[in-house]
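# coordinates for the following, if possible.
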Amino acid sequence: MAPPLSRIVCLTVLLLSFFSFLLAVRAADLQVPTLSPLELNVELNSLDTQTIEPEIHGFHNLDETEAPAGTHLHEKRYGSGAPYWYSQIKRQGKIAYGANASYILWRNVKDYGAKGDGVTDDTDAINNATADGNRCGLGCDSSTTTPAIVYFPPGTYMVSTPLIMYYYTQFVGDANNLPTIMGTPNFFGIALIDSDVYLPYGFSWYTNQNNFYRQIRNFVLDITQLPTTHAVHCLHWQVAQATSLQNIVFNMVVGYLGDGSQQQGIFMDNGSGGFMEDLIFNGGGVGFFSGNQQFTVRNLTFNYCATAIYQNWNWVFNYKGITMNNCGIGMDLSTGGEVPATGSIILQDSTLNNCQYGIITTFSTNSTPTSAGTLVLDNVNFINTDPAVQFPNNSAIIPGNRRVASFVQGTAYSAFDAEETIHNLTCWEPTANFSRIQQLVDPPPKSASLMDPTGTIWERSRPQYEGVPVESFISSYDYGCVGDGLTDDTQCVQSFLDSIGPDQIAYFDHGAYLISDTIQVPNNVKMQGEIWPLFMIDGSSPTFSDVDNPKPGFRVGNPGDTGTVEMVEFVFETRGSAPGCIMMEWNLAGTSPTATGMWDTHFRVGGSNGTLLQSDHCTKTPTVAHTANPKCIGAFMMLHITRSGSLIMSNNWGWVSDHELDLPDHNQIDIYNGRGVLIESQGPVWMYGTSFEHSVLYNYQIANAKEIYMGIIQSETA
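Numbers count the residues shown, from 1 in each chain. The predicted structure follows:
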């Protein structure tokens, strides 16, 4: 997205708990929901602080399928250290539209001299691995042509200054035996890992709203050897869209509320994100210092943090499946005082256990601005936590020790059809009454198809295939596909997908696969990309040139089909103008809830090398009257979820580029893309962390659909 002064923002927020506002008090229900198995490998062997309570030692020596006590949807899997396919697979990805034919995509930090022995200072070796190849760092706004996977084998990596994360970088650890990044006692810097380096006078390496395409997953980040008086964080995470955190444990010194600890797990001060899941925070002054425009946050557990979540500011956040155990403060939303700095916050399907204070807020019926401080609680259990919600002066808003089915503070709307006379005609038009409330309300009705057996909205983490042997991954390059962005790979990609057996995974090596006709995705195929390979839908093909007869680039299933398709880590683009292209049509329904879906998979139209829709042809000219340039038309539609389609979407960004990512000018550009996502599904559909921006007619269109969960969505005009 563009910098704030050069955009018109239209942020659309769907708050599940605003479906109805019939006021009532919900009876308490103190039963803890049954734990469900999902993917988080927890290694806390380095956490052995004398001040810690005995319960936290329950994380040690778990059975391979045993969930740590007091967590939500976490499971220790494959913890015996079995080989992880990700470290074994042949690396042959290449940059299709770059200038360096010898560029190295995959970097193992030990190949650059890192020891991981818990003694050697590995800072320089890891930073050298990250920076190798004239990558996009200081002085570079953005680039899609120098991506890098920085891989950490198991071990303990000592660092004395921050590990700098360059643009379009993935830090990935071994999911079967999490590596530890540990700060030395003399560590100096903002955080163990820094995603956006600060410069003097308020500048930083990257514009925070444009800091796209990052991943960190499968680590233990440990600052327990550092003094608690030093303001050091495990992670500085100032990022925007197409970014994610997964499967990370943050270890800090365990203390208590008021002990003055300056340690923080995540310090996120700005940005326009984003998505994170499957994180555990142990100890520290603040587990998650949270500030960003919009974010989806799911499956986080906080143990013995003085403050679990400190919300510094935001526009809208969805916290889903959060567990806070033995914390001083669960959520502190009081920043700004009588002028709240927070926007809208949803806390959903969550539990606070044995917290001294639950949620602290400064919202009142006359606080300003009137829209600030909005809070929705949906199915939140407060166990031995009283009060549940309160003001900073300790006066209770909601008593604790109860399950809160639904609570709203903010503006409640009651919609109705109003009568109006226009030119002697009686007309009816939708309107609404509204008032500011701060109270328990009746919970909204929720479709049973969206709910799991415990009564919470279904969730599913991004698959990492930890237990799958490397032999099950079949390479697209080994099969014969070219991936150079110029050769037509349509027949090869189709044949490759058709060839994948039930126990195999289609592995697409990094590259750009040119597609000139519709790809029919088989109903049960699993597709794994290597750092966002590109599917380039060819606008010069007659298949995708007729705006009056649009065709899908990728069709997932046929109407009425069921299956188990999984797409993990891809980018779909057009090469040139493709006015008759529906980039993806999803017809498939899952064989069971969340059995089919796409994770960390994005749509990008224009603004990058290879698209032919860049600033050299499509620079924005706002002071000159003009019609749409035919050479700068994008696609007909990004995504169509048809009536029979059912899936889970997680961390998906549909971006019509409003500025150049690769050419040196990085100018704003005009790309005319017809539509974002059209949802006609009869359900169920789960959408976690989705964003569609800058299309002409609409970004999201929900037409005759039902049984759709949208935690929050982000929409923006160019």
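
# where along the stretch 551-700 of the chain do the strands fall?
In the stretch 551-700 of the chain, the strands defined using DSSP state E, counting those that start in this stretch lie at 551-556, 562-563, 566-568, 571-575, 578-586, 589-590, 597-599, 602-605, 635-641, 648-656, 675-679, 685-693, 698-702.

# so which of these is nearest Leu199?
Within these, the stretch nearest Leu199 is strand 648-656; the backing value is 26.7 Å (CB to CB). Bear in mind the C-beta positions are built from the backbone N, C-alpha and C, glycine included.

# what's the angle between that closest one and strand 698-702?
If you take axes from the mean of the first three to the mean of the last three CA atoms, to 10 degrees, strand 648-656 sits at 150 degrees to strand 698-702.

# can you point out the buried residues in strand 648-656?
Across strand 648-656, burial judged by 16 or more other CB atoms under 10 Å covers Ile648, Met649, Ser650, Asn651, Asn652, Trp653, Gly654, Trp655, Val656.

# look up how far Gly607 lies from the nearest residue to the last one once chain neighbours are set aside.
Looking back up the chat, that one is Val656. Excluding the flanking residues, the one nearest Val656 by CB to CB, 6 or more residues apart in numbering is His694, at 3.7 Å. Computed as CB to CB, to the nearest Å, the His694 to Gly607 distance reads 10 Å.

# so what sits against both of those two?
Ser657, Asp658, Ile671 (CB atoms under 8 Å, 6 or more residues apart in numbering).

# how is the protein divided into domains?
Using automatic domain parsing, the domain parsing of the chain gives 16-23+36-445, 473-716.

# comparing those by mean pLDDT, which bottoms out?
Ranked by mean pLDDT, the domains of the chain bottom out at domain 16-23+36-445, which scores a mean of 89.

# so what sits opposite the spatially most central residue of the chain in the bridge?
In the chain, the centroid-proximal residue (CA atoms, centre = their mean) is Phe275; its distance is 2.0 Å. On the basis of DSSP bridges, Phe275 takes part in beta bridges with Ser244, Thr296.

# so who does it touch?
In this structure, Phe275 makes contact with Thr243, Ser244, Leu245, Phe295, Thr296, Val297, Ser650, Asn651, Tyr688, Gly689, judged by CB under 8 Å, 6+ apart.

# mind doing that once more with 6 Å?
For Phe275, the contacting residues are Ser244, Thr296, Asn651, Gly689, by CB atoms under 6 Å, 6 or more residues apart in numbering.

# and if you look at Val408?
By CB under 6 Å, 6+ apart, the contact set of Val408 is Val376, Ile437, Val441.

# ok so, going back, in the contacts of Phe275, find the pair that's most separated.
Of all pairs in the contacts of Phe275, the most separated under CB to CB is Ser244 and Thr296 at 9.9 Å.

# which of the two has more neighbours?
Comparing Ser244 with Thr296 by neighbour count (other CB atoms under 10 Å), the higher total belongs to Thr296, at 27 against 24.

# Gly265 contacts Val286, correct?
No. Look at Gly265 against Val286 with CB atoms under 6 Å: they stay out of range, at 7.3 Å.

# helix, strand, or coil at Met136?
Actually, residue 136 is Cys rather than Met. Assigned with DSSP: H, G, I helix; E, B strand; the rest coil, Cys136 falls in the coil class.

# next, count neighbours for it.
Counted with other CB under 10 Å, the neighbours of Cys136 add up to 22.

# how close does it sit to Phe219?
Spatial separation of Cys136 from Phe219 under the definition CB to CB is 23 Å.

# before we move on, the earlier item: neighbours around the residue nearest to Val656, how many?
Neighbour count of His694, defined by other CB under 10 Å: 25.

# now do the one 5 residues further on
Using other CB under 10 Å, the number of residues around Asn699 comes to 24.

# and it, what does it touch?
Gly676, Phe692, Ser715.

# identify the residues contacting Met637.
If you count contacts by CB under 6 Å, 6+ apart, then Met637 has Ile582, Gly674, Arg675 around it.

# what does Ser657 give?
When contacts are counted by CB under 6 Å, 6+ apart, Ser657 touches Gly606, Gly607, Ile671.

# of those - the most surrounded one?
Among those, the one with the most neighbours (other CB under 10 Å) is Gly606, at 32 neighbours.
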